[in-house]
Every structure is written in structure tokens, then in C-alpha cells.
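Novice: sequence-free structure coming up:
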Ligand code: NAD
């Protein structure tokens, strides 16, 4: 097992990509802290991990809140004994243009998608550094590397995720901490259906369009999870500051 005795925090752990990653990290031997705004769903994922014989605890939290992030990190340290891996993955999308976006919506998207990563790193980096290192993986998006329509706040926030990942990698490489982003293309999760709803589009048509890429299908959450496991493990020991694209060739 590639992550034997490692301790991991996964935010957005109750969602499509987050849940798959909690299960994949645990399958490689990691103990997992499942963090999500949805307390019931987070507990269900933690229970699913435990049912498979691994260690998991659920911590309900709003990742945009510093108090909540401090509580998450403290819980990991107290109950698991440290933090070796963080998957900053919680995210939200608003499918609107600039004139259609309220200032509150803009701030909320940045609070969840960007500030949360800053807050987590602010509180977890000293712990990882004291332990000799760690691996942080941030969820960007294809839309952090190219533009997309009717998603101004989301595109801006994911561009920030990709570049803050590089800045974090530069600052904390000397402390043995690797920081990378995983950038999914359209993955079959609740978020895609939410986008169809926000745009007022028929779900089946929206999903068919999402599959329009070289591999001719949407991604599965498990396929993103495997990239995260690799970035979390020593198999990627010389990889930091990278933007790994997992998108069926969409960007290509
Ligand atoms: P999802 O909606 O299934 O999961 C997102 C999870 O984040 C949910 O469980 C939600 O409760 C949680 N969350 C939202 N706000 C939160 C907050 N303030 N605090 C804590 N948890 C919060 O969506 P997903 O597709 O699994 O998305 C995971 C990540 O992948 C997101 O960052 C998203 O932007 C990114 N992404 C997804 C796709 C895709 O096609 N699905 C593509 C590119 C990037």
C-alpha cells in the first residue's frame, strides 16, 4: 500500500470527487479526515471508509471559515496524530457573466475555492514542516488553465488555485512539502448537474456536451482520485508546482 500510516485531510469529502478520493486514499492505507459543509454526507463517507476496514472521521466545516479550518487541523492532529496529505477540493460554481454576478456571489466563490486553500495552508504547513514534509493537492479545473463561458468568478478562482499552487510549491519546497494542482475536465458529479440547472439547460444535452472531447466521455470521480493518490504518494517525489490535467483530452 502506497500510503500506509499516512494521515490525510480531504475537503469537499462528501462530494463526487472528494468521496472517491477518500476511498482511494484509504485503500492505499491512509487514515482520512472527511471535511464537508454537509455533515450528514461527510459522516456517511467516513462510515463507508470505516466499513472497508480503514480509519476515517468526519468533520463538518465551512472551509471558507478560519475558525473551522483551525478546528479541522486540530482534530486531525489530536485524533490521528498529524497531517501528511491535504486534498483541498471543496468547490462551488456560479454559471454567470460579470454583469450577472453579484458581489456576494463573487466573494462566496472566492471564499470556498481560493481563501479556503490559503487558510488550510496557513494552518497545516507549519505542522507538515515540523514533521519533515507532506503533500498538498489542490483541485483546480480545466477552467483554471483556459477560459470558459458564463463562469467568470469560477474561472478567476480556478486560475488563482493553479498559480497559488505554484507559489506554495516555491515557498515550501525547502521544507519538504510538495504542492500540486489536479485539474479535472467534466467529471460526472452533482456539480455538473447543478451547472445545467443554473444555465436552465436540459440535463441530458448538457451532459452530452460535457462528453465532447477526445476520449468521448465524461470523467469518473475515481479517475481524478487516482491522480490525487499518485500526487500524495512518494511515486511523485520529484513533482511539485505542477498542474496535472485529467480531462480526457479536453484541453488538448
Ligand atoms: P460536488 O458538488 O459533488 O462536491 C463538492 C463538495 O464540496 C460538496 O460535497 C459540497 O458540500 C462541498 N462544499 C461546498 N462548499 C463547501 C464549503 N464551504 N465547505 C466545505 N465543503 C463545501 O462537486 P465535485 O465535482 O466533486 O467537485 C470537487 C472539486 O472539483 C471542486 O473544486 C470543483 O470545482 C472541481 N472540479 C469539478 C469538475 C467536474 O466536472 N465535476 C471539473 C473541474 C473541477
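Specialist: Cool, got the structure. The structure displayed is predicted, hence computed values, not measured ones.

Novice: Now do the contacts for the residue of the stretch 51-200 of the chain found nearest the ligand.
Specialist: Closest contact between the stretch 51-200 of the chain and the ligand, by C-beta to the nearest ligand atom, is at residue 91 (2.2 Å). Glycine gets a C-beta too; all of them are placed from N, C-alpha and C. By C-beta atoms under 8 Å, 6 or more residues apart in numbering, residue 91 lies in contact with 12, 112-113, 139, 141, 191.

Novice: The ligand contacts on the protein?
Specialist: Proximity of the chain to the ligand, by C-beta under 6 Å from any ligand atom, involves residues 11-12, 14-18, 36-38, 61-64, 89-92, 112, 139, 141, 184, 186-187, 189-192.

Novice: Which members of these are positioned in strands?
Specialist: Taking DSSP state E as the definition of strands, the residues of the chain next to the ligand contribute 11, 36, 139, 184.

Novice: In contact with the first one, which residues?
Specialist: Neighbour list for residue 11: 18, 35-36, 61, 63, 72, 86-90, 116, 120 [criterion: C-beta under 8 Å, 6+ apart].

Novice: quick one: pLDDT of the residue nearest to residue 95 when sequence neighbours are not counted?
Specialist: Nearest non-adjacent residue to residue 95, counting by C-beta to C-beta, 6 or more residues apart in numbering: residue 198, 4.2 Å away. At residue 198, the model reports a pLDDT of 98.

Novice: thought residue 198 was touching residue 101?
Specialist: No - assessed by C-beta atoms under 8 Å, residue 198 is found out of contact with residue 101, at 11.7 Å.

Novice: For the protein, just list every one of the helices.
Specialist: 16-27, 39-51, 66-80, 103-110, 116-131, 152-172, 190-199, 203-210, 221-232 (DSSP state H).

Novice: Looking at these, which is nearest to residue 180?
Specialist: Checking those against residue 180 by C-beta to C-beta gives helix 221-232 as the closest, at 4.9 Å.

Novice: Show me what that closest one is packed against.
Specialist: Contact here means 3 or more C-beta pairs under 8 Å, 6 or more residues apart in numbering; DSSP states H and E; on that basis helix 221-232 packs against helix 16-27, strand 85-88, strand 134-139, strand 177-184, strand 243-246.

Novice: So which of the ones you listed has the densest surroundings on average?
Specialist: strand 85-88 (a mean of 29; mean count of other C-beta atoms under 10 Å).

Novice: Looking at residue 198 and residue 101, which one has more neighbours?
Specialist: It is residue 101, of residue 198 and residue 101, that has more neighbours when counted by other C-beta atoms under 10 Å, with 18 against 14.

Novice: ok, the more buried one - contacts?
Specialist: Shown in contact with residue 101 (C-beta under 8 Å, 6+ apart): 94, 152-153.
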